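here you go, sequence then predicted model.
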Amino acid sequence: MATLLPETSKIPQCCIILLVRSRRAIRTYLRELEEPHMKRKVLRLSQSLNTIKDVNAQLVTTTSRELVDDPLKLVEQLKQWWKIKGSYGDVGFKYT
């Protein structure tokens, strides 16, 4: 099947009656020629990094807005401690 894909992808589509499965295989083969496997992974990684950058930018603006609105809120949050309970007793402290 893999050896037929390059040959059948060159034939005009109107001349061939193909099974749906074969058409899908040819379509994915042509798609992989345009964007190889690694290129797709790099594109997906760059998109996820862009979303992370956007979230980080929003985090800075929301945090600064909260500090401007209520500067004592941060001090109150730092005073709150919670113990983490483990099976062997207190493990440590955690901010909330």
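Looks like it arrived, so ask away. Numbers count the residues shown, from 1 in each chain.

domains in the protein, by residue range?
The chain breaks down by automatic domain parsing into domains covering 4-34, 38-80.

what strand or helix carries residue 66?
Using DSSP states H and E, residue 66 falls within helix 37-69.

what average pLDDT does that helix get?
Regarding helix 37-69, the rounded mean pLDDT is 81.

give me the helices and strands touching that helix, please.
With contacts taken as 3 or more Cβ pairs under 8 Å, 6 or more residues apart in numbering; DSSP states H and E, helix 37-69 sits against helix 72-79. For the C-beta atoms, the positions are set from N, CA and C on the backbone; glycine is no exception.

before we move on, the earlier item: mind listing what's buried in the helix holding residue 66?
Residues of helix 37-69 include none that count as buried (16 or more other Cβ atoms under 10 Å).

use 470 as the first number for this chain going forward.
With 470 as the first residue, the last one maps to helix 506-538.

pLDDT score assigned to residue 565?
Listed pLDDT for residue 565 reads 47.

same question for residue 555.
Here, the pLDDT recorded for residue 555 equals 62.

again with residue 541
Here the pLDDT value assigned to residue 541 is 73.

quick check: it vs residue 530, distance?
Distance from residue 541 to residue 530, counting by Cβ to Cβ, to the nearest Å: 20 Å.

next: residue 496.
43 Å.

burial of residue 539, as a residue count?
The local packing of residue 539 (other Cβ atoms under 10 Å) involves 11 other residues.

give me the phi and psi for it.
Dihedral pair for residue 539: phi -140, psi 90, per degrees, to the nearest 10.
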